[in-house]
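1. how would this look folded up:
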Amino acid sequence: MSTTQTENTLLLSKKGMKELKKSIANLEHDLHRARQNLRELEKTTGHDDRFERIEKLSLLENLEAELTDKQLILSTAKLLPTKRARLQVAIGSVVDLIDQQGRLFRYTIVDSLEANPSDGRISIASPLGKSLVGKTARDFVEWSSGMRANRLQLIRIL
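-> Model prediction:
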C-alpha cells in the first residue's frame, strides 16, 4: 500500500482520473477486438492456425488481466480534495520552486501511479516529493540524486 492511500483509497488528480478512465476504455476496445479476431480464427481449422490461436489467447488473457487491475484501481480511486490547506505541501499540492540561478519550477505532487516528471507531476515517493511533504512557503528543500546534492526554495503552494 502506498503512503497516499488511506483505508485502501487511492487519491488521484482530475487528470490522473481522466487518464485512468481513458486507459480502461482503450483496453475494453482492444479486448473486444481481440475476441472478434479469435472468433474469426476459430472458423478456420488449419493446423498452422493453432499457433496463431495460442498467441491470440495469450493476448486476450493479458488484456483481461490488465483491464481487471485498472478497474480495481478505479474502484478504490477518489479525486483529490479541491479545497485543501495551502500552508503545507501534501499530495495534490502544486508547488513553485526556485533554484539558485533564479529558474522557476512548478510541480504537482501526485501518487506514483500518475507521476510524470516531464509533465510536471512528481511522485510523493520520489526524493524531491518526500522532501517537499510538510514544507511551507519560503522553506528550502534539499535532496540528493546520485552524487549531486540539490537545493531549491519553495516559494508558493497553490
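2. Now the longest strand seen in the chain - C-alpha only, CSV.
-> If you go by DSSP state E, the chain has its longest strand at strand 148-157. C-alpha atoms of strand 148-157 as CSV (Å, rounded to 0.1, in the frame of the first residue of the first chain):
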residue,chain,number,x,y,z
ARG,A,148,24.8,15.5,-6.6
ALA,A,149,23.0,17.4,-3.9
ASN,A,150,20.1,19.6,-4.9
ARG,A,151,18.6,22.6,-3.2
LEU,A,152,15.5,24.6,-4.1
GLN,A,153,13.5,27.2,-2.3
LEU,A,154,9.7,26.6,-2.0
ILE,A,155,8.2,30.0,-2.9
ARG,A,156,4.5,29.2,-3.3
ILE,A,157,2.0,26.4,-2.6
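3. quick one: buried residues of that strand?
-> 152, 154, 157 (16 or more other CB atoms under 10 Å). Where you see a C-beta, it was placed from the backbone N, CA and C, and this is true even at glycine.
4. Mind checking the pLDDT average for it?
-> In this model, strand 148-157 has an average pLDDT of 91.
5. likewise stretch 41-58?
-> Stretch 41-58 comes out with an average pLDDT of 79.
6. roughly how far out does it sit from the chain middle?
-> 36 Å (CA atoms, centre = their mean, to the nearest Å).
7. ok, now stretch 36-56?
-> Using CA atoms, centre = their mean, the offset of stretch 36-56 from its chain centre is 36 Å.
8. Give me the residues contacting it.
-> 34, 57, 60 (CB atoms under 8 Å, 6 or more residues apart in numbering).
9. Determine the next helix or strand in the C-terminal direction from the lowest-mean-pLDDT helix or strand in the chain.
-> Lowest by mean pLDDT, DSSP states H and E among the helices and strands of the chain is strand 10-12, with a mean of 79. Heading C-terminal from strand 10-12, the first helix or strand you meet, by DSSP states H and E, is helix 14-42.
10. quick one on the thing from earlier: go through the buried residues of strand 148-157 and name the one nearest Leu27.
-> Ile157 (35.8 Å; CB to CB).
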